[in-house]
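quick check, what structure comes out for this input:
(3 chains)
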Amino acid sequence: MTGSAGESVAAAPVSELAPDAARAEHARLVAEIEEHNRRYHVEDAPTVTDAEFDALFLRLKEIESRFPELVTPDSPTQKVGAAPATGFAKVRHLKPMLSLENAFDAAGVRDFMAGVRNFLMELRRDPSIEVAIVAEPKIDGVSASLRYEGGRFALGATRGDGLVGEDVTANLRTIADVPDRLEGEDVPKLFEVRGEVYMLREDFRALNEAQRAEDKAAFANPRNAAAGSLRQLDPSVTAGRPLRFFAYAWGEASAVPGRTHWEMLERLAAWGLPTNPRAKLCADIDEALAYYERIAEERSRIPYDIDGVVYKIDRLDLQEALGFVSRRPRWAVAHKFPAEQVETRLLAIEIQVGRTGALTPVARLEPVTVGGVVVSNATLHNEDEIARKDVRIGDTVVVQRAGDVIPQVVRVVKAKRPADARPFEYPDRCPACDSLAVREEGEAVRRCTGGLVCPAQQVERLKHFVSRAAFDIDGLGEKQIAAFYDDGLIAKPGDLFRLAARDGEHGAPLRDREGWGEVSARNLFAAIEARRRIPLDRFIYALGIRHVGQATARLLARTYGTLDAFRAAMDAARAREGEAWEHLLSIDGIGKVVAGAILDFFDEPHNRAVVDDLAREVEVEPVEEPGAESAIGGKTVVFTGTLETMTRLEAKARAEALGAKVAGSVSRRTDYVVAGPGAGSKAAKARDLGVTVLDEREWLALIGGREMEEPNA
DNA sequence: ACCCCTCGAGTTCT
DNA sequence: CTCGAGGGGT
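Numbers count the residues shown, from 1 in each chain, chains lettered A, B, ... in the order given. Coordinates of the predicted model:
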């Protein structure tokens, strides 16, 4: 702890602060606030008053607003709100933690292998090349990344979203399987180990008994127990939990540990990291499939939960050649066990109203345990789906969790249909606002036409607005939003930002409301405050325009740069003709339907008012102009044909990040056409016009290699 | 008029 | 995760 609250607050006005002094004070404030947070949330023993804490926080925010370069994702200002959950600092993985492609049967695995061979052939490698495979059980636990510096365990993190995880170093240290130090001469200076934290079934049972004996909630399954134990704020709690660890891959490394995956596993074991003794080096795919059968047969005798088998191409040079498709390695696949299927009764079908007014039927089920989790709801998608499966209320149905996550109704057990089972009558009115619900010709969904008068749609829009990918305001769940909406506290997004200032104007102040207190109210206000600065793409996404999701919002933000430019362009395009309209349609990825949906949104006066009102409350950050120093800076590029090492959208994002403009069609103003195999008219037109045509390899060479790749996942 | 791919929207549970 | 629809290419 450095300095007291009083000292920091009495410092010079922020406007007079020199950058160096600001940086120093910023660091001091962050440390101080984090310490107070820890005392407050972890030890439950604050050493400053709320007012003192607020003063520190305010000072930090002032500094950050004047010196935005000091704002980092792990600054306390960026993570207020989810108070108990944010006891962990965020950690950016040096190499992303990727996910695996799934195969659900042997045919899927053979497809995968065919893809590998095809790809290697196209890279003009010897097709008769031996493709050995490392197979090992896929453990149902929590993945983690451990960073060793100079052989010492320095930092451990959860997977998070694959790019940024949570710092759980202290908790990982308590696991006996995780060595403090890697032993051996060839340990790289820097080495990130990837692996799985898990719990033995037997230990899980004992833990649950102990939990029950102490009147604490039991865990649903070993995986949840492992996840819950790893995310304890108090490491001494984690220390008392029987966690284990297996290493299976690596991330960033100052030296590559071997020429093959198998060698890498042996090396990890030699350094003292536990690797799965059941892992097997298979000469070919048939041997790997036989391994799968054996593991499936042994499954119940293996002392921990597994949900399949992972296959990886053994040779690292081949892995590198194969590369990635949208965050997934092309050289690995997870062969999953079939999903567990369970019968239960369908008690009722209810209709939910989405933010676009879509009516979605949801099956209420007699609760059953499926794959270790109690399931009581399952989506039925739409009207046709109910008819296709002939689902009736009272039926016995087979339920599974798709990809082991989302519950779905597989089929009806007709033999068990009771005589009084009755077909579901799909409503033609919205259950929330009683407006007509219509199904457009050729569409699968029925939509409520209530729009602005439908409270369900309004609440869903607000939920979307505060959601993670939009304004990311923590501490406002479904219930709170609905309650605030019902009580007139928030009717439109801009109201959120006036919530603190007007607290108490509509009935009792927030802290006196049921379920709220001094602290939670303050946290919510702070979480909202922290979002007054927002990048343009998030702002656009948050509006909830039909057909405009994250990707399209980003596209629009990049195209128009600033909110004012976007706003003006949309107004100008509303005539559906002229330059602004043509410009909108010329964006690669936006056609008539999407463009029409955007303009429909801005045609509505209410929506324009909502946007303008919101714009007055927040500061929208323009999209930065990418640097022009790269080889393709300022050039116009067109992609055509199927690219091999990346999807077209990735290629496009990459090119744009390097300062190029990506167009959809070839003209004289095009600088480069990048043509994959199977390119047709565009490449021909480019040649006619004398535009440079590159193949993918030449293109990658031009922009400087495939730096997105990593040695392992 | 096709086919393929990507994106959007909706959903579950802890 | 899955389905349906939009966009773009042939």
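
am I right that A:Asp307 is in contact with A:Asp140?
Yes: assessed by Cβ atoms under 8 Å, A:Asp307 is found in contact with A:Asp140 at 4.7 Å. Every residue, glycine included, has its C-beta placed from N, CA and C.

how does chain A divide up, domain by domain?
Domain segmentation of chain A under automatic domain parsing yields A:5-86, A:91-336, A:536-621, A:636-703.

possible to save these as CSV with mean neighbour count and distance to A:His464?
Formatted as CSV, those follow (neighbours: other Cβ atoms under 10 Å; distance: least, Cβ to Cβ, whole Å):
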stretch, mean neighbour count, distance to A:His464
domain A:5-86, 16, 18
domain A:91-336, 18, 19
domain A:536-621, 17, 5
domain A:636-703, 17, 23
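
mind putting the ones you listed into TSV with distance to A:Arg461 and mean pLDDT?
Shown next, in TSV, are those (distance: least, Cβ to Cβ, whole Å; pLDDT from 0 to 100):
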stretch	distance to A:Arg461	mean pLDDT
domain A:5-86	20	63
domain A:91-336	24	87
domain A:536-621	5	87
domain A:636-703	27	70
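
out of these, which is closest to A:Pro431?
Closest to A:Pro431 of the domains of chain A, according to Cβ to Cβ: domain A:536-621, at 20.6 Å.

any idea whether the residue of chain A most remote from its centre is helix, strand or coil?
Centroid-distance maximum for chain A: A:Ala419 at 45.6 Å, with Cα atoms, centre = their mean. What DSSP: H, G, I helix; E, B strand; the rest coil gives for A:Ala419 is coil.

with A:Ala154 instead?
Once three-state DSSP is applied, A:Ala154 turns out strand.

quick one, what contacts it?
Contact analysis of A:Ala154 by Cβ atoms under 8 Å, 6 or more residues apart in numbering lists A:147-148, A:169.

and A:Val134, that's in a strand?
Yes: the assignment for A:Val134 (three-state DSSP) places it in a strand.

contacting residues around it?
A:Val134 makes contact with A:261-262, A:265, A:279-282, A:311-312, A:314, according to Cβ under 8 Å, 6+ apart.

what about 10 Å?
Neighbouring residues of A:Val134 by Cβ atoms under 10 Å, 6 or more residues apart in numbering: A:248, A:260-262, A:264-265, A:279-282, A:288, A:310-314, A:332.

from DNA strand C, how far out is A:Gln232?
For A:Gln232, the distance to DNA strand C equals 26 Å [Cβ to the nearest atom of the strand, to the nearest Å].

these two touch, right, that residue and A:Glu166?
No: using Cβ atoms under 10 Å, A:Gln232 is not in contact with A:Glu166, being 11.8 Å away.

and A:Glu287, what helix or strand is that in?
helix A:285-298 (DSSP states H and E).

name the helices or strands packed onto that helix?
In terms of contacts (3 or more Cβ pairs under 10 Å, 6 or more residues apart in numbering; DSSP states H and E), helix A:285-298 is packed against helix A:106-122, strand A:133-139, strand A:280-282, strand A:306-313, strand A:332-336.

excluding chain neighbours, give the residue nearest to A:Arg110 in space.
With sequence-adjacent residues excluded and distances taken as Cβ to Cβ, 6 or more residues apart in numbering, A:Arg110 is closest to A:Ile285, at 6.8 Å.

actually A:Thr379, not the one I typed
A:Val362 (5.7 Å).

repeat that for A:Tyr291.
Nearest-residue entry for A:Tyr291: A:Ala135, 4.7 Å, with adjacent residues in sequence omitted and distances by Cβ to Cβ, 6+ apart.

in contact with the one you found, which residues?
Contacts for A:Ala135 (Cβ under 10 Å, 6+ apart) come out as A:278-282, A:285, A:287-292, A:294-295, A:309-312, A:335.

quick check: bridge partners of it?
Listed by DSSP bridges, the beta-bridge partners for A:Ala135 are A:Lys280, A:Tyr311.
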